[in-house]
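Enquirer: Mind looking at a prediction? Sequence and model below.
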Amino acid sequence: MTKIALIGPEDREELQRLALRLEERDAEPVFVDTRRDARIRIEPGVEEACGVSFEGVTGVYVAALGLPDPRVVDESKVIDVEASRAALAHSQATWAAWRVLLERLARRMPVANPPASYPVHGLKPFEIATYLENGWRAPTTVSTDDPRALLDVDASRAPRGRVRKDLVGGYGYTEVFTPPTEVAVAREVLADSAVMVQERIEGDAVRAFVVGGRVVVAAESLPQTFGEVDSRRGTVRVKRIELPGEIAELSKAVAAHWDMSFAGVDWMRANAGRDWVLLECNSSPFFVELERRTGADIGGAIADMLLRRARRVKK
């Protein structure tokens with residue numbers, strides 16, 4: 001029986017749904033629960049993680065690696081600098097071990113998605129710069145840890161205002177950004193970190209799910225709260241849509257650029273659909289709730305893709 005490893009918290013809905021779709025196709029899901037310590041072991045004839053062996057596995061789906069939090073805060077939510085340095089070193093070492101293991105596995109079996117695709121999630125300014133270099137329309141962006149640079153943000157290049165995002169995707173919400181007028185205020189905004197500020201694009205948020213080089217489904221997410229700039233927050237109306245042919249092809253091209261066999265490509269549809277602005281590409285997007293709302297079988301498409309590629313490799 002074909003075995004597919006599912007890496008991430010075992011109770012995550014996406015992994016449970018994918019396990020079901022694999023079983024329907026006479027394949028065996030092998031859970032690698034990353035809520036446990038990584039305990040990665042690599043030696044001749046042995047590959048293990050979280051106490052689970054990869055022996056007999058012919059494909060891998062990565063939902064979340066469960067890397068240790070690199071920040072330590074006290075009861076007052078103040079960062080403990082010394083403890084955070086040790087935690088960061090531990091997190092980096094764990095990431096390095098995961099990367100070696102997944103790169104080894106990717107040499108002989110399909111991995112959704114391999115480590116080569118991960119910088120797109122952890123380096124958002126690099127991602128945006130890449131889109132602009134390719135000639136794809138993306139928001140004008142300023143990324144900095146310099147408080148004076150925030151004072152110099154050019155409002156004239158963003159007539160509808162700007163929004164603030166985290167440099168690492170997925171951890172915080174998009175917020176309206178008002179450029180500070182004093183260095184002291186800018187320092188408070190940065191809070192010993194760095195920020196990414198983008199032009200605000202007014203329109204409808206659209207996500208295209210790309211699996212195995214094809215768009216399985218696309219849907220628009222419309223916040224029901226007036227003025228909301230993050231479609232993940234509050235009440236949202238989700239509607240299945242058909243992408244224009246050019247945008248569908250670009251969605252596939254973006255996923256392929258990052259070597260993602262499964263991706264959620266995010267767009268902002270502006271000016272009554274005349275303009276499409278590329279926001280980001282997500283390497284392991286949540287999909288179960290969208291399945292419920294649209295009827296699309298994204299989990300089935302992922303299972304088919306992994307099994308098709310696994311059986312092709314075995315031959």
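Expert: All right, it came through fine.
Enquirer: going forward, measure contacts and count neighbours with C-alpha atoms only.
Expert: Noted.
Enquirer: residue ranges for the strands of the stretch 51-200 of the chain, please.
Expert: 52-53, 57-62, 111-112, 141-144, 162-165, 175-177, 195-199 (DSSP state E, counting those that start in this stretch).
Enquirer: on contacts alone, who are the packing partners of the second one?
Expert: Strand 57-62 is packed against strand 3-7, strand 111-112, helix 298-314, with contacts defined by 3 or more CA pairs under 8 Å, 6 or more residues apart in numbering; DSSP states H and E.
Enquirer: ok, 6 Å please
Expert: Here strand 57-62 touches strand 3-7, strand 111-112, going by 3 or more CA pairs under 6 Å, 6 or more residues apart in numbering; DSSP states H and E.
Enquirer: Pull up the pairing partners for it, direction included.
Expert: Counting by DSSP bridges, the strands paired with strand 57-62 are strand 3-7 (parallel), strand 111-112 (parallel).
Enquirer: which of the ones you listed sits most buried?
Expert: Between the strands paired with strand 57-62, the one whose residues have the most neighbours on average, counting mean count of other CA atoms under 10 Å, is strand 111-112 (a mean of 26).
Enquirer: circling back to that earlier point, could you tell me the least trusted of the strands paired with strand 57-62?
Expert: In terms of mean pLDDT, the lowest-scoring of the strands paired with strand 57-62 is strand 111-112 (a mean of 94).
Enquirer: Can you tell me what sits against that one?
Expert: Residues outside strand 111-112 that contact it (CA atoms under 6 Å, 6 or more residues apart in numbering): Gly59, Val60, Tyr61, Val62, Ser261.
Enquirer: Arg269: what secondary structure?
Expert: The local conformation at Arg269, judged by DSSP: H, G, I helix; E, B strand; the rest coil, is strand.
Enquirer: Redo the strands paired with strand 57-62 as CSV? Include distance to Asn271.
Expert: Converted to CSV, those look like this (distance: least, CA to CA, whole Å):
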stretch, distance to Asn271
strand 3-7, 40
strand 111-112, 35
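Enquirer: Ile298: which of these is closest?
Expert: Using CA to CA as the criterion, the shortest distance between Ile298 and these is 13.7 Å, found for strand 111-112.
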